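Asker: turn this into a model:
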Amino acid sequence: MLEGIRTNLMVRMANRRVAAWKWKRHVGPRIEQIMEKNKLEAGYCIPTLSGDMKYQVTNMHRGQFAVDLATKTCSCKRWDLCGLLCPHAINCILRRKHDPYSYVDEWYKREPYLK
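Answerer: All right, here's what the predicted structure looks like:
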């Protein structure tokens, strides 16, 4: 039974490695789906520059948040906890005309996934 489980895991990991080379971006399709959902929610945020890379973001539904792009933190703690951008951070990054995918934690990108 253990040998069967080991074989199934080995095949599954090999299939995922092959699929990773077909990703459209440098992050996986599930992460891309989460990012696109957060981009839509970012439309409800209004960022105000409060420093070099710091913003105060007013969300129409949930109050105010502090975003620091230099340290990759947001006061909602979503970005800090999982490494994926929250809508507040995405809005600030788009305001600076940068690519939000470059701010995603390295663990979600193709190269570490293949390792």
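
Asker: report all helices and strands that the lowest-mean-pLDDT helix or strand in the chain contacts.
Answerer: Using mean pLDDT, DSSP states H and E, helix 110-114 stands out as the lowest-scoring helix or strand of the chain, at a mean of 84. With contacts defined as 3 or more C-beta pairs under 8 Å, 6 or more residues apart in numbering; DSSP states H and E, the secondary structure elements packing on helix 110-114 are helix 2-20. For the C-beta atoms, the positions are set from N, CA and C on the backbone; glycine is no exception.

Asker: okay, the angle between whichever helix or strand comes after the helix it packs on and helix 2-20?
Answerer: Moving toward the C-terminus from helix 2-20, the next helix or strand (DSSP states H and E) is helix 29-41. Here helix 29-41 runs at an angle of 50 degrees relative to helix 2-20 (axes from the mean of the first three to the mean of the last three C-alpha atoms, to 10 degrees).

Asker: what about helix 29-41, distance to the chain center?
Answerer: Relative to its chain's centre, helix 29-41 lies at 8 Å (C-alpha atoms, centre = their mean, to the nearest Å).

Asker: hang on, the earlier thing: which residues sit against the least confident helix or strand of the chain?
Answerer: Under the contact criterion C-beta atoms under 8 Å, 6 or more residues apart in numbering, helix 110-114 has outside partners Arg17, Ala20, Trp21, Trp23, His26, Val27, Gly28, Glu106, Trp107.

Asker: thank you, goodbye.
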